[in-house]
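>>> Structure, please.
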Amino acid sequence: MRFSVIIPVYNRPDELRELLESLCQQTRIPDEVVVVEDGSVNPANQVVEEFHQRLNLRYFSKPNSGQGFTRNYGFERATGDYFVIFDSDALVPPSYFETVERRLNTDWLDAYGGPDAAHPNFTPTQKAISYSMTSPFTTGGIRGSKKNLGGKYHPRSFNMGFSRKVYEAIGGYKISRMGEDIEFAIRIITHNFKTGLIPEAFIYHKRRTNLKQFYRQTRFFGRARINIARFFPSELRLVHTFPAVFTLFVFSVPLWYFVHPVLFGLAVSALVLFSVLIFVDAVRKEKSLEVGFLSVGAAFVQLLGYGIGFLSEGWKRLREPKGHQETGANLEYPS
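Sure thing, here's the model as predicted:
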């Protein structure tokens, strides 16, 4: 089969260079790499020129429309029979395409997803953010699992592949931001295509480089969960409210002091216990006290950011006319 890699880029030339370099190191080189510049102020055209002799590389530039519609632009121009999507802040291990091809040849998947991990060369903050995004103590508990909340596996667009047959049947992304990958995966599943996780097809995902950026991103994720419910109300489940409940609890802790000192002490103890669990688990996995401490902060930033976004967008949705749908076309994606 012929693999076409689709990469949307927005003001990330240096990160794109690292991603393209990792694609050059593959034991099974992808047949085509389609890079689509999404209205960047800092374009990556010079970076792309560096790799034209090493990859079958095609570069396009278009006005900004968000990563969902930018991927669509790439799908329309790709020539392969299996599309693979990466975010531009990814690094791909050398055996990735060899692993995927072997799996598809032995146990076919119409669409697959792979997990993400922290590269050994990532900064301590990046490792802490990666830990938080994949930890069972945060919203990362369902990421990289074979099933999502008891249902079929939902691939996510930071590391995802699907056949041309899928694209021809359902088209591309219907929304460009605000949960576009979740909506896309739901449509793949409702069309009875076979989806699954390939655990060995992991990537190194840089995500954000500081906690302020991470907060903006996770707040956006919380809003996106509500946006998906505009299209698929049944996809909003009790477990998705956990960060919002956590956020309300954290903000309520000072009030418990005025209710009863014992209750205040119990609330503080609960937060301390949660922090200790995060710290111990992160140190165990990352073998670093620094990453352990930073992981506590990253976990709180992730849950509070997601919770605040969930609550603010949820309140907005409650005030909307019945049947309202948000396309996401004019929403700002966190840079």
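>>> Can you pull out the residues in contact with the helix or strand of the chain at the bottom of the mean pLDDT ranking?
Sorting the helices and strands of the chain by mean pLDDT, DSSP states H and E puts strand 116-117 at the bottom, at a mean of 84. Residues from elsewhere that reach strand 116-117 (C-beta atoms under 8 Å, 6 or more residues apart in numbering): 90, 130, 133-134, 143-144, 158-159, 202-205. All C-beta atoms are positioned from the backbone trio N, CA, C, and that covers glycine.
>>> Would you map the strands across this protein?
Ranges of strands in the chain, per DSSP state E, are 3-9, 32-38, 57-62, 82-86, 90-91, 111-113, 116-117, 159-163, 195-197, 203-205.
>>> partner strands of the fourth one, parallel or antiparallel?
Right, the one you point to is strand 82-86. Partner strands and pairing direction for strand 82-86 (DSSP bridges) are strand 3-9 (parallel), strand 159-163 (antiparallel).
>>> which residues are contacting the longest one?
In this case it means strand 3-9. By C-beta under 8 Å, 6+ apart, strand 3-9 touches 16, 19, 23, 30-38, 40, 44, 67, 70-71, 74-75, 78-80, 82-88, 97, 100-101, 161.
>>> Using CSV, write down the CA coordinates of stretch 28-39.
Below are the C-alpha coordinates for stretch 28-39, written out as CSV (Å, rounded to 0.1, in the frame of the first residue of the first chain):
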residue,chain,number,x,y,z
ARG,A,28,10.0,2.0,5.7
ILE,A,29,9.9,5.5,4.1
PRO,A,30,6.4,6.9,3.5
ASP,A,31,5.5,7.1,-0.2
GLU,A,32,4.4,10.8,0.0
VAL,A,33,4.5,13.6,2.5
VAL,A,34,2.0,16.5,2.0
VAL,A,35,2.7,19.6,4.1
VAL,A,36,0.0,22.2,4.2
GLU,A,37,0.8,25.7,5.5
ASP,A,38,-2.3,27.1,7.2
GLY,A,39,-1.8,30.8,6.7
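>>> pLDDT of it, averaged?
Stretch 28-39 carries an average pLDDT of 96.
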